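K.L.:
The following block contains a protein sequence and its predicted model.
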Amino acid sequence: MPGILHPLFRGTTYTRLLHLWVPMLAISVWLFVDMSTPWVPALALVPLGLLVPGVRRGEGVQARLLLTPGEPDTAISVEPSAGWRDRLRTTLWLEARTALGVVASCLTVWLPATTYECVRLAAGRASVDLPVLGVLRPHRAYAFLAPLPLVALYGAVVGLGLLVTALARRLLGPSPAERLAALEERTEQLLERTRIARELHDSVGHALTVAVVQAGAARAAGDPAFTDRALLAIEETGRAALEDLDRVLGVLRESERPVAGGPTLVDADRLLESARTSGAKVEADVSGPLEALPGPVSREGYRILQESLTNVLRHAGAVPVLVRIEVTGGTLGLEVRSPLTAEVPGAGRGSGLRGMHERAALLGGRARTGPDGGDWQVHVELPLS
C-alpha cells in the first residue's frame, strides 16, 4: 500500500498535472468567444508547430521543468526544430498534449463532482448538478461509492502524467543529428580526460621515480657532495612536475581550456640530465631540427621519452641507456634501448606502455615496446603532418 500511494507525495505528480492543464488556458479563452467550434485551437496548432522552429525549444524547456524536474538525463531536447521531421514531431506533440489536457481537465472536474454528488445522495439529498445522477434516489449506500471516483481520479492523474512524459521523450527527444553531435562532444571530452590522465601519470610518475632513486642512492653513498647533487635533482624534477600539475589542474578547473603548452622535445636535455643524475648512463644521439617540430608531435614525443626513461629507472636502475631522436623527412623517430633485466613489464601491461601506444596512435604513428636482441626497446615513429 505505501508503494501505491507514493506518487501522492511526489511533487512530480502535480507538476505533470499542471503541465496538462496549461493548454486548457488557451482553449478556455476560445470557448468564451465561440463555444460552437472547440476544435479551432487544435487546428491552429498545426501551422504553429510546422512553421515556427522555436516552438520545439519552448515545449522542450517546459517539459523538462514540469514533466522531469530534477532528472539529470531527461531525454528531452531543448533545441529548435532543425528539419521537417522535427517540425512534424513537434506538431504531433502539440496535438497529443492538447488532447491529453482535455481529458485531464474533464476528469479532474467531473470525478470530484461525482464524489460530491454521491455524498449528497448518501445524506438524503437528490443530485441536481449532474444530470446523470439526477435520476437516482437518495440512499445511504452511496456513501460506499463516494471514494471510487477519487480513486479513479488518482489513477488517471498518475497514468496521464506517465503517458504525457513518455510522449514527450518520444516526440521531443533528440533527433539523430542531435544524438550524433552529443556523442561526438562526449567522445571529445573522454579523449581530453584520457589525455589529462596520461599527462599526470607521466609527469608525476617520472618525478616520483627520480626522487625515490636519488634518495636511495644518496642514503647508500654517504657522500655529502653526492647527496647535494641528488637533492638538487629531486628539487628540479619536483619543480617541473609541479608546473605540469598546475597546468593540468587548470584544465580540470576550466573545462573549455585545452591541454597545451607542456614541455617539448626541445627540453629533452632536462630529461636526459635527470636520468644521468639518477645513475643511468645515458648516451644520446639527436639529429634534425627539434625546434621545427609541430607542437603536438613534439609534446607527445617528450612524454614518450619521459615515460621510457622512467621505466628504465624503475625497472633496470643504473644501466646504460641509448637514446636516439631523429627528424628525417616527414617523420620523427624516437628510440630508447636499455639492457634487458629479469623484470620485464609485458608489452600490454601497465598504463605507461599503453599510454605510449595511445599517444602514437592519436597522431597517426606507431610504437613498438618489448625485448629486442637482449635489450628492452621503445621505438616510436610519429608523422609530422
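P.N.:
In hand now; what should we look at? Numbering: from 1, shown residues only.

K.L.:
Make sure Pro174 is indeed in a strand.
P.N.:
No - counting by DSSP: H, G, I helix; E, B strand; the rest coil, Pro174 is not part of a strand but coil.

K.L.:
Distance of the closest residue to it other than its chain neighbours relative to Ile325?
P.N.:
Nearest residue to Pro174, sequence neighbours excluded (CB to CB, 6 or more residues apart in numbering): Ser77, at 4.7 Å. (Glycine included, C-beta is placed from N, CA and C.) Distance, Ser77 to Ile325, by CB to CB, to the nearest Å: 50 Å.

K.L.:
neighbour-wise, which of those two wins?
P.N.:
Ser77 (26 against 21; other CB atoms under 10 Å).

K.L.:
for the chain, what spans make up the strands?
P.N.:
281-287, 320-328, 331-339, 366-372, 375-383 (DSSP state E).

K.L.:
who does the third one pair up with?
P.N.:
Strand 331-339 pairs in its sheet with strand 320-328 (antiparallel), strand 375-383 (antiparallel), by DSSP bridges.

K.L.:
For it, buried residues please.
P.N.:
Neighbour counts over strand 331-339 (16 or more other CB atoms under 10 Å) mark Leu332, Gly333, Leu334, Glu335, Val336, Arg337, Ser338 as buried.

K.L.:
Report the beta-bridge partners for the last one.
P.N.:
Just to be clear, that refers to Ser338. Trp376.

K.L.:
Repeat that for the third one.
P.N.:
Each beta-bridge partner of Leu334 is listed here, defined by DSSP bridges: Ile325, Val380.

K.L.:
Spit out the contact partners of it.
P.N.:
For Leu334, the contact set (CB atoms under 8 Å, 6 or more residues apart in numbering) comprises Gly301, Ile304, Leu305, Arg324, Ile325, Glu326, Val378, His379, Val380, Glu381, Leu382.

K.L.:
Narrow these to those that are buried.
P.N.:
Counted by 16+ other CB under 10 Å, the contacts of Leu334 give Gly301, Ile304, Leu305, Ile325, Val378, His379, Val380, Glu381, Leu382 as buried.

K.L.:
closest to Met35 among the contacts of Leu334?
P.N.:
Of all the contacts of Leu334, Leu382 has the smallest distance to Met35: 76.9 Å, by CB to CB.

K.L.:
For the closest one, give its distance to Asp86.
P.N.:
From Leu382 over to Asp86 (counting by CB to CB), the distance is 44 Å.

K.L.:
With Leu245 instead?
P.N.:
Plainly put, Leu245 is 46 Å away from Asp86 if you go by CB to CB.

K.L.:
The two - which one has more neighbours?
P.N.:
Taking neighbours as other CB under 10 Å, Leu245 and Asp86 compare with Asp86 leading, 22 against 15.

K.L.:
any low-confidence regions in the stretch 201-350 of the chain?
P.N.:
The model of the stretch 201-350 of the chain has pLDDT under 70 over residues 201-203, 205-206, 214, 217-218, 220-222, 244, 247-261, 342-350.

K.L.:
ok, Leu309 - contacts?
P.N.:
Taking CB under 8 Å, 6+ apart, one finds His206, Leu271, Leu272, Ser274, Ala275, Ala280, Val282, Val321, Val323, Val336 in contact with Leu309.

K.L.:
about what we covered before: distance to Arg170 added to the strands of the chain, as CSV?
P.N.:
CSV is the format used below for the strands of the chain (distance: least, CB to CB, whole Å):
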stretch, distance to Arg170
strand 281-287, 62
strand 320-328, 57
strand 331-339, 52
strand 366-372, 46
strand 375-383, 47
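
K.L.:
Fine by me, we can end here.
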